[in-house]
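Chemist: Predicted model and sequence below, questions to follow.
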Amino acid sequence: MSNVELKGLSEAASFQTAQASLPPVHTWSPPFCGDMDLVIKANGEWFHEGGKIKRSAMVAMFSRILWFEAGEYFLVTPVEKVRIQVEDAPFLVTEWRWIETEYGQAIEFKTHTDDVLILGVDCDLWMDFFKGEERPYISMRYGMKALVRRNAFYGLAESLERVETSKGTGMGVISAGKSYLLMEDE
């Protein structure tokens, strides 16, 4: 991606948390231009050409143009599409809190890239395995996912209650009137 395109995207993507502030990536169909040496590690850190990207604003800007397609991740602009590598989930939930919504009490998640999502409205929560370890995830835009950071999940675990879902019965959370099973009864 050229510096001119990145500058234009940084101006367009104002780093606000509202979905309306995201660039219209879903409307762009640029040609594939090759691979970029950018890796999002399983712990949520972003590395470019072997060096960690330390500026959170740069990570947030890149996250706004991230696209998931056919099991692969790309950074896209209106004119270019480059493939990057993601070890697990490209986003990381760092904070959560209970809020009141029109759907009742709900959990609001915030990612390390300042995305804000409401469980049961903007995203869903589930458990899955990564390299043999069971981990909690939430859904994100364009079919992507965010790993719920360990400290955030431990805080969330204090709110567990009995739930019944189509997947079974056990301990979970209820947010915006929807139940999420996190630990199934044996």
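Modeler: All right, it came through fine.

Chemist: CA atoms only: put the helix or strand hosting Leu92 into CSV for me.
Modeler: Per DSSP states H and E, Leu92 falls inside strand 91-101. Extracted C-alpha coordinates of strand 91-101, given in CSV (Å, rounded to 0.1, in the frame of the first residue of the first chain):
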residue,chain,number,x,y,z
PHE,A,91,-8.7,-8.8,17.5
LEU,A,92,-8.4,-9.0,21.3
VAL,A,93,-11.1,-8.1,23.8
THR,A,94,-9.4,-6.2,26.6
GLU,A,95,-12.4,-4.8,28.6
TRP,A,96,-16.0,-5.5,29.3
ARG,A,97,-18.8,-4.1,31.4
TRP,A,98,-22.5,-4.5,32.0
ILE,A,99,-24.7,-1.8,30.4
GLU,A,100,-28.5,-1.2,30.0
THR,A,101,-29.8,-1.5,26.5
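
Chemist: Show me what that strand is in contact with.
Modeler: 43-44, 63, 105-113, 115, 118, 121, 138, 140, 144-149, 152, 155-156, 159, 176 (Cβ atoms under 8 Å, 6 or more residues apart in numbering). Quick note: C-beta positions are derived from backbone N, CA and C, even for glycine.

Chemist: Just list what the helix or strand just after that strand packs against, helices and strands only.
Modeler: Sequence-wise, the next helix or strand downstream of strand 91-101 (DSSP H and E) is strand 104-111. If contacts are counted by 3 or more Cβ pairs under 8 Å, 6 or more residues apart in numbering; DSSP states H and E, strand 104-111 sits against strand 91-101, strand 116-118, strand 145-148, strand 168-175.

Chemist: for the last one, packing partners?
Modeler: Put plainly, it is strand 168-175. strand 104-111, strand 161-165, strand 178-184.

Chemist: Residue ranges in the chain under the pLDDT threshold?
Modeler: Low-confidence segments of the chain, defined by pLDDT under 70, span residues 1-20.

Chemist: Domain-wise, how is it divided?
Modeler: 3-86, 91-184 (automatic domain parsing).

Chemist: Since that was my last question, I'll sign off now.
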